[in-house]
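1. Curious how this folds, go ahead:
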Amino acid sequence: MRSYQSVCSSAGCARRLAGPCLPASGASAVASATPALSEPRLHAGWDTHGYPGRLIVIEGGDRSGRSTQVRLLAKWLERRNLDVVLTDWSTSPHISKAIHKAKAENALRPITYSLFYAADFADRVAQVIVPALQRGEVVLADRYMYTAFARDCARGADPQWVRRLYSFAPRPDLVIYLRVPPEVTSQRAPSSAVKAIDRYEIGLDLGLSTDPEESFQLYQQRVFEEFERLAQEFGMIVVDGVSDVEQIQRLVRDRVAELVSQ
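-> Residues are numbered from 1 along each chain as shown. Model (predicted):
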């Protein structure tokens, strides 16, 4: 199993999805600032990537258990003698530090937020995802562009603009969405944990509430509703993320086994 950082050090190294965008503080300003673009190519039926490898995505909101399922799945695939490459959200060695610095300084506005994460994603696509697929390996992505669609739209960005921004992305062979209702997400995040999360991850930048816990709940509700729409539009495999870890993993493996045995 290889992580993004280890792979990145080696050499050699997509039509309209018009989901409604939830209102956000300053949404009208964001919409007016985002440039008008032609109809995006990115939609539920865009072309497959065409590489010999397999691209598997585990999606879901915060505290949905994605990372746990990705780790368990990677070990299972390796026991089947498959080469596995892991890639996580916002882990480009060239971009992620700038994102963390800007967030720490409260310097990100919605459009800048979108562009920063798109740049990080583009770097990982070019440096990690596509090369691994070309080598015939299995790429496991802990979050993919759908996270950007959900979060950016929750911040008031034009959904077509965001989709166009990510139109270079290879189409995954399988997307599994771990559905966890926002009330469960809040239960999984005690008060001390919420206060330790940066202001963007709990939606304080949106002005939803000055109370961190309430802001977190309201923001998670927005993101959850966006994911629900995305799951339907993109035909994601929906798995109950409230079930126990072992049961979820069995369901995930069943779906993945069908793919890798082809």
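
2. now the strands for the stretch 51-200 of the chain?
-> Under the criterion DSSP state E, counting those that start in this stretch, the stretch 51-200 of the chain contains strands at 54-60, 84-88, 138-142, 174-179.

3. And the first one, what does it pack against?
-> If you count contacts as 3 or more Cβ pairs under 8 Å, 6 or more residues apart in numbering; DSSP states H and E, strand 54-60 packs onto helix 66-79, strand 138-142, helix 145-154, strand 174-179, helix 245-260. Backbone N, C-alpha and C define where each C-beta goes, glycine included.

4. Any chance of the strands of the stretch 51-200 of the chain in TSV with distance to Q247 as columns?
-> Putting these into TSV (distance: least, Cβ to Cβ, whole Å) gives the following:
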stretch	distance to Q247
strand 54-60	15
strand 84-88	22
strand 138-142	20
strand 174-179	12
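
5. hmm, back to that, let me have the helices and strands packed on strand 54-60 in JSON lines, extended by mean pLDDT, mean neighbour count and distance to R54.
-> Putting those into JSON lines (pLDDT from 0 to 100; neighbours: other Cβ atoms under 10 Å; distance: least, Cβ to Cβ, whole Å) gives the following:
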{"stretch": "helix 66-79", "mean pLDDT": "97", "mean neighbour count": "18", "distance to R54": "10"}
{"stretch": "strand 138-142", "mean pLDDT": "98", "mean neighbour count": "25", "distance to R54": "5"}
{"stretch": "helix 145-154", "mean pLDDT": "96", "mean neighbour count": "26", "distance to R54": "17"}
{"stretch": "strand 174-179", "mean pLDDT": "98", "mean neighbour count": "22", "distance to R54": "8"}
{"stretch": "helix 245-260", "mean pLDDT": "97", "mean neighbour count": "15", "distance to R54": "6"}
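
6. now those in JSON lines, with distance to I237?
-> Conversion of those to JSON lines gives the following (distance: least, Cβ to Cβ, whole Å):
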{"stretch": "helix 66-79", "distance to I237": "12"}
{"stretch": "strand 138-142", "distance to I237": "14"}
{"stretch": "helix 145-154", "distance to I237": "13"}
{"stretch": "strand 174-179", "distance to I237": "5"}
{"stretch": "helix 245-260", "distance to I237": "6"}
